[in-house]
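Engineer: Pasting a predicted model and its sequence here:
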Amino acid sequence: MSFLQQRAHVLGVSLFFLALMTSTSTPAASAPTPPVAARQPWQETRHGEVVTDDYHWLREKNNPKVIAYLKAENAYTQAMTKELAPLAKKLYGEIKGRMKETDLSVPTRRGNFYYYSRTEAGQQYPIICRRLAKADADFAYDAGATEEILLDENQLAKSKKFFEVESFSVSPDDRYLAYSTDTTGYRQYRLHIKDLSSGKLLDDSMERVTSLAWAADSQTLFLVQEDATTKRSDLLMRLKLGSKPAEVYRETVEQFNLDVGISGDRKFIELEVQSTDTTEVSLLPADQPEGSFHSVLGRETGHRYHVDHRDGELFIMTNKDAKNFRLVTAPLATPGPDHWKELVAHDPKVLLESFELFRDFLVVSEKSDAQERSRIYNFADHSWKTVQFDEAVYASHPGGTPEFTSRQYRLMYESPVTPSTVFDVDMASGQRVVLKQQEVPGYDPALYETRRLWATARDGVKVPLWTFARKGVKLDGSAPLLLYAYGSYGIPADASFSNSRVSLLDRGVIFAEAHIRGGNDMGEHWHDDGMLMNKKNTFNDFIDSAEYLIRQGWTSQQHLIIEGGSAGGLLMGAVANMRPDLFHAVHAAVPFVDVMNTMMDASLPLTTGEYLEWGNPSEKPAYDYMRSYSPYDNIERKDYPPMLVTTGLNDSQVMYWESAKYVAKLRAMKTDHHTLLLKVNMGAGHGGASGRYDAIKERAFEMAWMLSQWGLLQPGKR
């Protein structure tokens, strides 16, 4: 073996990658050889069990050998998918063609200005602007007013591989803009403060800011900062412009994170301390920035509550004696349970998700049977109105109504068939007006349909699903189907519209999403039944949903591809271990697959805060249960379906090495000859590419790979 070959073997670099570096002759006709990661045994004793991890070394991000291996995997993926390039390019063109590249968001009034963003053809990022409102009683929008560009994200992103604006908040006097940016994808945000009167940035700045709120004096900012290593938001700071920031509060309990905001009437700074099962809210008058925060209801394990203020009265959304939450009121001075008056009673069949307070109205957002609804309460006559929609499957969410005195409620609506639509709802009459619907050139909604389905899980529980397909697709088992799910953290499966999805449907593919346990789709118990020692319900629900779709003729095992990302990537890894025979192919995006090694390492971002979601592996029962489903720990010598695993080098939510280790071990263990690909974005994090065109390219590649697995490389081919 030559010196270069020996070095390649040590680095875990394939001969294929070595050939890329050394060969100048005609490439061999044989198929590319996949990279083989070097094995470097690492051991740790856990609860008396000696755990060996041959690929632990792939965690060393600054190790040149690790980067070389990741590049080898990318080179292998590129070689194995080179014939997909024309299809990926075509898909990119289709998706971009259905996007209105030059567009304008609906302006939203806050104070004396209307704020909006606009995009320009060829530009990756939005431009954030404002115009002065008319000086009339209604502060109407004035399209003729001078446009003021607050942030041109394209200019800020120049020469950067990644760029994202997170926090964005204008001071009460309209003069200062506080915003935060990430330039790596690691989701560590740096604070910037811009003087909008001069256009200059102030010297005031801070690293790792996760939330912020202005005090009434427009000179003081309250900021939450995360720990540099664990990324736990644990420190509240007070920043007076031109001065050094001062510590206000540090949260020492590892399961809790801080979040700071402001009440709807802007009279109080709100500090929320939150874990998976417990919250505590403290208030500070916004006009007393040097004062002290006072807790509303203290901290009681298992009690989750959220607070807002109106006219000396607190509105408290609480789960005390109310699994799905209820809404009560109490005097600001005496907010304890003895003084509560119930406004929205608990309903075991309806989840109270959130509420918004206005001077004259209250809006509650609720969910029942995996479907959202909004109800409006009129303080003048104590009446309720429900916002009605006609489609059987849809998603609706608050659209941001920042003015406390508003009589119009902004609502966002979409469905698998209907593009994103912005409504203003008159809170007095209930009448709604469409302000804007996302334009999708070339898309005809009349050609498509969506349906609500219910699968029966193995324990008898009914699991909701929704499907999206072109009308007329035969349900005889011959249709290719993409089944997607998430199922964690109480996050629901929203029935949203997707531009890119249309390109799959136009090739005969059916899209389906399952509302598996672990989300809150059917109420808070739905989350409880898919977390901690009930986590396997999530995986069983997905498998049972897939088998239901097959039995009902929606697809067959030979035509079923599955997809999930992050915690949904854990789902992919788990079900691929449990039932590899059931799925034709798998796309696992930024997958949380190395559960045990991650959750055993308290120094990693997010770990300690998630003990209440997954379990604390220092406790033997939790360790054994998590160990029994962790995808990386349960890879076996057996056949697996073709798989595409995608990740980002700068991912802070699920580290890149989870995907790298998973692919390395799976490649060494599996007994089939199916394709196993790892694609690493070397300049992004958990959410992938930040620019809108770059994001389309990434999705087009993933779709091209799926279409190739279905044998649909050519238009019209089934």
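Structural biologist: Received, thanks.

Engineer: would Gly553 count as being in a strand?
Structural biologist: No - residue assignment for Gly553, taken from DSSP: H, G, I helix; E, B strand; the rest coil, gives coil, which places it outside any strand.

Engineer: what's the burial count for it?
Structural biologist: One way to gauge burial is a neighbour count; for Gly553, by other CB atoms under 10 Å, it gives 13. (C-beta placed from N, C-alpha, C; glycine too.)

Engineer: ok, now which ones touch the closest residue in space to it that isn't next to it in sequence?
Structural biologist: What sits nearest to Gly553 in space, not counting adjacent residues and going by CB to CB, 6 or more residues apart in numbering, is Leu475, at 4.1 Å. With contact set as CB atoms under 8 Å, 6 or more residues apart in numbering, Leu475 has these partners: Gln552, Gly553, Trp554.

Engineer: all helices of the stretch 601-718 of the chain, in order?
Structural biologist: According to DSSP state H, counting those that start in this stretch, the stretch 601-718 of the chain carries its helices in the segments 611-614, 620-629, 656-669, 692-709.

Engineer: To clarify, my last question referred to the stretch 151-300 of the chain.
Structural biologist: Per DSSP H, counting those that start in this stretch, the stretch 151-300 of the chain has helices spanning 153-156. These are given in chain order.

Engineer: Low-confidence ranges, it, go.
Structural biologist: Applying pLDDT under 70 to the stretch 151-300 of the chain picks out no residues at all.

Engineer: So what's the gap between stretch 239-259 and the chain middle?
Structural biologist: Distance of stretch 239-259 from the chain centroid (CA atoms, centre = their mean, to the nearest Å) equals 25 Å.

Engineer: just stretch 559-575 next, same as before
Structural biologist: Relative to its chain's centre, stretch 559-575 lies at 15 Å (CA atoms, centre = their mean).

Engineer: swap in stretch 595-608?
Structural biologist: Relative to where its chain is centred, stretch 595-608 has its mean C-alpha point 20 Å off (CA atoms, centre = their mean).

Engineer: same check, this time on stretch 84-99
Structural biologist: Computed by CA atoms, centre = their mean, the separation of stretch 84-99 from the middle of its chain amounts to 24 Å.

Engineer: got a list of contacts for it?
Structural biologist: In this structure, residues lying in contact with stretch 84-99 by CB under 8 Å, 6+ apart are 440-443, 499-500, 502-503, 692-693, 696-697, 699-701, 703-705, 707-708, 713.

Engineer: If any of those are buried, put those into a ChimeraX selection.
Structural biologist: Restricted to the buried members of the contacts of stretch 84-99, where burial is judged by 16 or more other CB atoms under 10 Å, the ChimeraX selection command reads as follows:
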select :440,443,499,500,502,503,693,696,697,699,700,701,703,704,705,707,708
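
Engineer: residue contacts, Pro126?
Structural biologist: Contacts here follow CB under 8 Å, 6+ apart; on that basis Pro126 touches Ser117, Arg118, Thr119, Glu153.

Engineer: The second one contacts Ile127, correct?
Structural biologist: Translated: Arg118. Yes - counting by CB atoms under 8 Å, Ile127 is a contact partner of Arg118 at 5.4 Å.

Engineer: May I have stretch 173-187 exported as CSV, CA atoms only?
Structural biologist: C-alpha atoms of stretch 173-187 as CSV (Å, rounded to 0.1, in the frame of the first residue of the first chain):
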residue,chain,number,x,y,z
ASP,A,173,-40.1,56.3,20.1
ASP,A,174,-39.5,54.8,16.6
ARG,A,175,-35.8,55.8,16.6
TYR,A,176,-33.8,52.7,17.3
LEU,A,177,-33.8,49.3,15.7
ALA,A,178,-32.5,46.3,17.7
TYR,A,179,-31.9,43.2,15.7
SER,A,180,-29.8,40.1,15.8
THR,A,181,-27.9,38.1,13.1
ASP,A,182,-26.3,34.7,12.6
THR,A,183,-23.6,34.3,10.0
THR,A,184,-22.8,30.6,10.4
GLY,A,185,-26.0,28.7,10.9
TYR,A,186,-25.1,27.8,14.4
ARG,A,187,-28.0,29.9,15.7
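
Engineer: Enumerate the positions of that stretch that are buried.
Structural biologist: Of the residues in stretch 173-187, those buried (16+ other CB under 10 Å) are 174, 176-187.

Engineer: Same question for stretch 613-624.
Structural biologist: Glu613, Trp614, Gly615, Asn616, Pro617, Ala622, Tyr623.

Engineer: residue contacts, the third one?
Structural biologist: In this case it means Gly615. Going by CB under 8 Å, 6+ apart, Gly615 touches Leu532, Met533, Met599, Ala622, Tyr623, Tyr625, Met626.

Engineer: quick one: which of those has the most company?
Structural biologist: Result: Met599 is most packed of those (other CB under 10 Å), 25 neighbours.

Engineer: who are the neighbours in contact with that one?
Structural biologist: Taking CB under 8 Å, 6+ apart as the definition of contact, the neighbours of Met599 are Thr607, Glu610, Tyr611, Trp614, Gly615, Asn616, Pro617, Met626.

Engineer: Save these as TSV, and put in distance to Asp259 too.
Structural biologist: Supplementary listing: the contacts of Met599 in TSV, determined by distance: CB to CB, whole Å:
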residue	distance to Asp259
Thr607	19
Glu610	17
Tyr611	19
Trp614	21
Gly615	24
Asn616	23
Pro617	27
Met626	28
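
Engineer: Do me a favour and average the pLDDT over stretch 533-544.
Structural biologist: For stretch 533-544, the per-residue pLDDT values average out at 98.

Engineer: And the contacts of it?
Structural biologist: Taking contacts as CB under 8 Å, 6+ apart, the residues outside stretch 533-544 that touch it are 455-459, 461, 463, 483, 485, 487-488, 514, 516-518, 528-530, 562, 571, 574-575, 578-579, 582, 614-615, 621-622, 625-626, 629.

Engineer: What are the phi and psi values at Leu343?
Structural biologist: The phi and psi torsions at Leu343 (degrees, to the nearest 10) take the values phi -110, psi -40.

Engineer: per-residue pLDDT, it?
Structural biologist: In this model, Leu343 carries a pLDDT of 98.
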